[in-house]
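Trainee: Requesting a structural model of the entry that follows:
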Amino acid sequence: MRENFLQRRVIKPLVKLLRQGVTPEKLALSLALSVTLAVIPAFGWSVWLCGLAGLAFGLNLPAMQVVNYFLYPAQVALLLPFFRMGEKLFRAPHLPLSVSHIVSMAHANLWGAIKLLWNTTWHAVVVWALLAPFAIGLIYLVLLPIFRRVVKGQTAVPPAAEASAA
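Mentor: Coordinates of the predicted model:
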């Protein structure tokens, strides 16, 4: 039976890391941080933030960057919701934007797009920063028992080995 993409590219590499001695706590923290950092509403920052967080906390940098890479579509999808929440939080005027509009602005005049979206982006980053600790905590609390169960399952003696030893 063929493995699906999720099993081949996500589950197997994570189980392999756990088998190599990465603790469930470190792996859960690596993924929680990278998922949260990957969706920051400012393009280009997530790679650097994941790298800095990984170095600062001694986490698994390759796992963090893989998660960051895979979540690029989520970063794009969450850009406008973060922009809208930033407008509400700071009571800023509504900018009628779409992702395609932002892309076309950047292609036409990158510096002009940066200047136009500067305040909107910072407002969105503040909203993201307010929500990020909760997201990290929630993701960590969900992943940790899963990874602990995987490690426990890997170290348990298989029933066949117990029967042959008796």
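
Trainee: What helices and strands are in contact with the longest helix seen in the chain?
Mentor: The longest helix of the chain (DSSP state H) is helix 110-155. Under the contact definition 3 or more CB pairs under 8 Å, 6 or more residues apart in numbering; DSSP states H and E, helix 110-155 sits against helix 12-19, helix 24-38, helix 72-90, helix 99-108. Heads up, the C-betas are built off the backbone N, CA and C, glycines and all.

Trainee: Burial check on the closest residue to Leu89 other than its chain neighbours, number of neighbours?
Mentor: Nearest residue to Leu89, sequence neighbours excluded (CB to CB, 6 or more residues apart in numbering): Val127, at 5.7 Å. Val127 is flanked by 21 other residues according to other CB atoms under 10 Å.

Trainee: Let me know whether Val127 touches Phe82 as I believe.
Mentor: Yes. In this structure, Val127 is within contact of Phe82 by CB atoms under 8 Å, at 5.6 Å.

Trainee: any shared contact partners between those two?
Mentor: Pro41 (CB atoms under 8 Å, 6 or more residues apart in numbering).

Trainee: now the longest helix of the chain against helix 72-90, angle please.
Mentor: 120 degrees (axes from the mean of the first three to the mean of the last three CA atoms, to 10 degrees).

Trainee: pLDDT (mean, whole number) over helix 110-155?
Mentor: Across helix 110-155, the average pLDDT comes to 91.

Trainee: Count the neighbours of the residue nearest to Ile139 when sequence neighbours are not counted for me.
Mentor: Sequence neighbours aside, Ala32 is the residue nearest to Ile139 in space, at 3.9 Å (criterion: CB to CB, 6+ apart). Other residues within reach of Ala32, judged by other CB under 10 Å, total 22.

Trainee: Does Ala32 touch Ile136 like I think?
Mentor: Yes. The pair formed by Ala32 and Ile136 meets the contact definition of CB under 8 Å, at 4.7 Å.

Trainee: so what's the residue nearest the centre of the chain scoring on pLDDT?
Mentor: For the chain, Val35 is the residue whose C-alpha lies nearest the centre (CA atoms, centre = their mean; 1.2 Å). Note on Val35: pLDDT of 96.

Trainee: How about the contacts made by it?
Mentor: 67, 71, 135, 139.

Trainee: how close does the last one sit to Val99?
Mentor: Taking CB to CB, to the nearest Å as the measure, Ile139 and Val99 are separated by 25 Å.

Trainee: higher neighbour count, these two?
Mentor: Higher neighbour count among Ile139 and Val99: Ile139, with 18 against 11, using other CB under 10 Å.
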